[in-house]
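1. dropping the sequence and predicted coords here.
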Amino acid sequence: MDIIEYEGITITVYDGDITTLPPDGLVIYGEFGRHMLGIVEKGKLKTLNAIPYQSINALLIDLKKLNEGGPHH
């Protein structure tokens, strides 16, 4: 588990499955070429993408949209 910052957003990153409960906020997990983006609120994980990201660039584009207050359910 690593904690990174991207454009002012703190993100918990797991290489593979989530093995410990991450702090509230954004989390990236999964294997290379099959990353998932989620958000943890009050200890519960909500995955934000249904299909795994094939590239880190696609994931970063969605992160940027979230950071700009773009489309979010």
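-> Okay, I see it.

2. just the pLDDT at residue 71, thanks.
-> Per-residue pLDDT puts residue 71 at 50.

3. could you list the low-pLDDT ranges of this protein?
-> The model of the chain has pLDDT under 70 over residues 70-73.

4. can you do 80?
-> The model of the chain has pLDDT under 80 over residues 67-73.

5. strands of that one, start to end?
-> Taking DSSP state E as the criterion, the chain contains strands spanning 2-6, 9-13, 25-31, 34-41, 44-47.

6. can you tell me the closest non-neighbouring residue to residue 49?
-> residue 37 (5.4 Å; CB to CB, 6 or more residues apart in numbering). Yep, even glycine has a C-beta here, placed from its N, CA and C like the rest.

7. now for that neighbour: which residues touch it?
-> Shown in contact with residue 37 (CB atoms under 8 Å, 6 or more residues apart in numbering): 26, 27, 28, 47, 48, 49, 53, 59, 62, 63.

8. could you redo the last one with a cut-off of 10 Å?
-> By CB atoms under 10 Å, 6 or more residues apart in numbering, the contact set of residue 37 is 11, 26-30, 47-49, 52-53, 58-60, 62-63, 66.

9. alright, calling it a day.
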